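Peer 1: model the structure of this input:
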Amino acid sequence: MRNHAKSGFFKVGDMRTSCALVALAMLTSLPARADVSVTVTTTPNGGNYAPKNVVALWIEDAGGKFIKTFDRFSQARTSHLVAWVAAAGAGDADAVSGATRPNHVNPITATWNLRDRLGALVPDGTYTIRMELADSNASQPAQNHQGTFTFTKGAAPETQSGLSNGGFINVSIDFQPVADTCNNGVVDSGEACDPSVANSCPTACPAATDACMPNELFGDAATCTAACTVQPVTSCADGDGCCAPGCTPSNDSDCDGAGNGDLSGSCSAGGTGGALVLFGLAGLAVALRRRR
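Peer 2: All right, here's what the predicted structure looks like:
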């Protein structure tokens, strides 16, 4: 443990504490998680294997760009969901898939967590929920039921009900911005980790390769804020392997008297698992490292 009392640097507002507070503040200032729930009743299209049917539900942005498949019921007949295949690709790995549906008795209810297929939270804006149903050996989108519905992701909740389009009826859409909930099995926006997600909350930090830039653990798993953060050494101490900027051989045995430069006072972060990565060390130069 470094002896901070040895140096007169940063008497007002220790840099390590400041960097930790910056990291935790950024965690709590990120946008809240939100979800949109969709319920829809399907209808027959008169195909050659009705009442059995295959269905896909996916999201596109306002420009028609594919965002994510959030529900799909198909196995062997997936290729007949022609519009979905064209939008998502036949090998869409993120598609949740169930078995071919035997009939239209039970409505479909699906929830999208407002993240794209790479797991990134999408920005506010208008999104289209697209639906396709096939009950024949379709080769063209026009042979299938096609439904489109829109909603707006923003700060306000939005509820729609009683919608119908393209063979899909009794459609309801419920968008509700909700606060992040720690320990819910998801590393939500605003969280560094979640204890219910394996290996996401660090309990120790990897050793740093630079003695002047050690990794330190801030936050804790109980509040989903545990993160390994690089904390630049700012004080002068003997035998720790670091000659911090501003230190000299007279107050730090790790210095050789070649000059040390100035410390700009930024924060940077690194870590493992769900640790939040903070970028902020541009302009900081560590001029000397221990020389034996």
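Peer 1: hey, let's count contacts and neighbours off CA atoms from now on
Peer 2: OK.
Peer 1: for the closest residue to Pro123 other than its chain neighbours, which residues count as its bridge partners?
Peer 2: Closest residue to Pro123 apart from its sequence neighbours, by Cα to Cα, 6 or more residues apart in numbering: Lys153 at 7.8 Å. For Lys153, the beta-bridge partners under DSSP bridges are Gly125.
Peer 1: so Lys153 touches Gly125, yeah?
Peer 2: Yes. Lys153 is within contact range of Gly125, at 5.3 Å (criterion: Cα atoms under 8 Å).
Peer 1: quick check, Ala86 in a helix?
Peer 2: Yes. Applying DSSP: H, G, I helix; E, B strand; the rest coil, one finds Ala86 inside a helix.
Peer 1: about what we covered before: more crowded one of Lys153 and Gly125?
Peer 2: Lys153 (21 against 11; other Cα atoms under 10 Å).
Peer 1: now do the contacts for that one.
Peer 2: Shown in contact with Lys153 (Cα atoms under 8 Å, 6 or more residues apart in numbering): 123-127, 175.
Peer 1: state the phi and psi torsions of Ala156.
Peer 2: Backbone torsions of Ala156, given as degrees, to the nearest 10, read phi -100, psi 150.
Peer 1: how many neighbours does it have?
Peer 2: Residues near Ala156, counting by other Cα under 10 Å: 9.
Peer 1: so how far is Asp124 from the residue nearest to Pro123?
Peer 2: 5 Å (Cα to Cα, to the nearest Å).
Peer 1: what does the pLDDT read for the residue nearest to Pro123?
Peer 2: pLDDT for Lys153: 92.
Peer 1: ok, back up a step: now the two most distant members of the contacts of Lys153.
Peer 2: Farthest-apart pair in the contacts of Lys153 is Pro123 and Phe175; separation 14.2 Å (Cα to Cα).
Peer 1: more neighbours: those two, which one.
Peer 2: When Pro123 and Phe175 are compared for neighbours, Phe175 comes out ahead with 22 against 12, by other Cα under 10 Å.
Peer 1: my guess is the more buried one contacts Trp112, does it?
Peer 2: No. Phe175 lies out of contact with Trp112 (Cα under 8 Å); the separation is 9.6 Å.
Peer 1: which residues do those two both contact?
Peer 2: Joint contacts of Phe175 and Trp112 (Cα under 8 Å, 6+ apart) are 35-37.
Peer 1: can you pick the most crowded of these?
Peer 2: Going by other Cα under 10 Å, Val36 tops the shared contacts of Phe175 and Trp112 with 19 neighbours.
Peer 1: leaving out sequence neighbours, find the closest residue to that one.
Peer 2: Once flanking residues are discounted, Val36 sits nearest to Phe175: 4.3 Å by Cα to Cα, 6+ apart.
Peer 1: how far away is that neighbour from Ser164?
Peer 2: From Phe175 to Ser164 the distance is 18 Å (Cα to Cα).
Peer 1: list the contacts for Asn183?
Peer 2: 194-196, 222, 224.
Peer 1: and those residues as JSON lines, adding pLDDT?
Peer 2: Output for the contacts of Asn183, formatted as JSON lines (pLDDT from 0 to 100):
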{"residue": "Asp194", "pLDDT": "88"}
{"residue": "Pro195", "pLDDT": "88"}
{"residue": "Ser196", "pLDDT": "82"}
{"residue": "Ala222", "pLDDT": "84"}
{"residue": "Cys224", "pLDDT": "88"}
